[in-house]
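Colleague: A structural model of the following input is requested.
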Amino acid sequence: MKEKERSPITIYIFLFILIITIISWNTVGWMFNYRVMYQLTYDFFNPYPDSQYLVKSSEILINHPPAQQIVKAPVKIVSYPKTDKTNSLQIPVLGLQAPLVIGQSTNIPSLEKDLDNGVVYYPGSVMPGANGQIVVLGHSAPPNWPKIKYDWVFSEISKLKSGDEIILHFNGKKYIYKITTTVIIAKGADIGNVGLTGNNNILTLVSCWPPGKNYQRIAVSAELQN
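Modeller: The predicted structure is shown next:
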């Protein structure tokens, strides 16, 4: 009798799990992708074994405007709006918001640790609003990669178009940037300073390309709006 009672309950439980899985497929579907599961397992036991998943410090060139250009530039007093948010980077069109970690060192182990906690404000970058370039590093991952730590954070920045906004919340102020260019460059190549005039502030997002692979780099630049 107990076996007969247990059988319908087992069926109901199975059907319940099946229905929940179908409804939540976009969230749990990666669990049934053997390639994703293999890569996840491999990366768990071999986290960035050769550190080439990262953009190395030797591959980043922070561009600052020549001093004479700053001196000759007209003095502008710009007041940026206040924000209650902690240091973070927001891309509304992608529905993305991630903590902005202020990098303290360009050595690989330090960058690896920082990138686990968000996107990294690369050491040597100018302050928001100052003349020059800000570089922000972020990981990328293949499609359907589970959102573990921040391995996935810059996976979709290739979708950004000219005019799309990037919002930087920094030290209680809100800075709005608009996309100007997207370039794919060779690993180890200068990320460039497209749009940097010496009198403006450029934000460049850098990640591996294609997402999760160490073949090339993608650099998305945006100009600060005053």
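Colleague: dump the residue contacts of residue 137.
Modeller: 54, 55, 103, 111, 115, 119, 120, 122, 206, 207 (C-beta atoms under 8 Å, 6 or more residues apart in numbering). Just so you know, the C-beta spots here come from the backbone N, C-alpha and C atoms, and that holds for glycine as well.
Colleague: and the helix or strand where the last one lies, what does it pack onto?
Modeller: Secondary-structure element containing residue 207, defined by DSSP states H and E: strand 201-209. Contacts defined by 3 or more C-beta pairs under 8 Å, 6 or more residues apart in numbering; DSSP states H and E place strand 201-209 against strand 132-137, strand 165-170, strand 173-186, strand 216-224.
Colleague: pick out the most distant pair among the contacts of residue 137.
Modeller: 103 and 207 (14.9 Å; C-beta to C-beta).
Colleague: more crowded one of these two?
Modeller: More neighbours surround residue 207 than the other of residue 103 and residue 207, with 25 against 21 (other C-beta atoms under 10 Å).
Colleague: list the residues that contact the more buried one.
Modeller: 55, 137, 138, 139, 140, 154, 155, 157, 217, 218.
Colleague: rerun at 10 Å
Modeller: 54-55, 119, 136-141, 153-155, 157-158, 217-220 (C-beta atoms under 10 Å, 6 or more residues apart in numbering).
Colleague: out of these, which are buried?
Modeller: 54-55, 119, 136-141, 153-155, 157, 217-220 (16 or more other C-beta atoms under 10 Å).
Colleague: which of the helices and strands packed on strand 201-209 sits most buried?
Modeller: strand 132-137 (a mean of 24; mean count of other C-beta atoms under 10 Å).
Colleague: what lines up beside that strand in the sheet?
Modeller: Partners of strand 132-137 in the sheet, by DSSP bridges, are strand 119-121 (antiparallel), strand 201-209 (parallel).
Colleague: is it fair to say residue 139 lies in a helix?
Modeller: No: under DSSP: H, G, I helix; E, B strand; the rest coil, residue 139 sits outside any helix and is assigned coil.
Colleague: these two touch, right, it and residue 154?
Modeller: Yes: contact criterion C-beta atoms under 10 Å: residue 139 and residue 154 qualify, at 6.4 Å.
Colleague: lowest confidence element among the helices and strands of the protein?
Modeller: In the chain, no helix or strand scores lower on mean pLDDT, DSSP states H and E than helix 67-72, which sits at a mean of 41.
Colleague: moving C-terminal of that helix, what's the next helix or strand?
Modeller: strand 88-91.
Colleague: what sits up against that next one?
Modeller: 83, 96-101, 118-119, 121, 136, 138, 153-154, 156-157, 159-160, 164-170, 174, 176-177, 179, 203, 205, 220, 222.
Colleague: re the thing from before, name the nearest of the contacts of residue 137 relative to residue 194.
Modeller: For the contacts of residue 137, the nearest to residue 194 is residue 206 (13.0 Å; C-beta to C-beta).
Colleague: from residue 192, how far out is that closest one?
Modeller: 11 Å (C-beta to C-beta, to the nearest Å).
Colleague: residue 79 now?
Modeller: Distance from residue 79 to residue 192, by C-beta to C-beta: 30 Å.
Colleague: domains for the chain, by residue range?
Modeller: 2-32, 50-224 (automatic domain parsing).
Colleague: shouldn't residue 206 be in contact with residue 115?
Modeller: No: taking contacts as C-beta under 10 Å, residue 206 lies outside contact range of residue 115: 11.5 Å.
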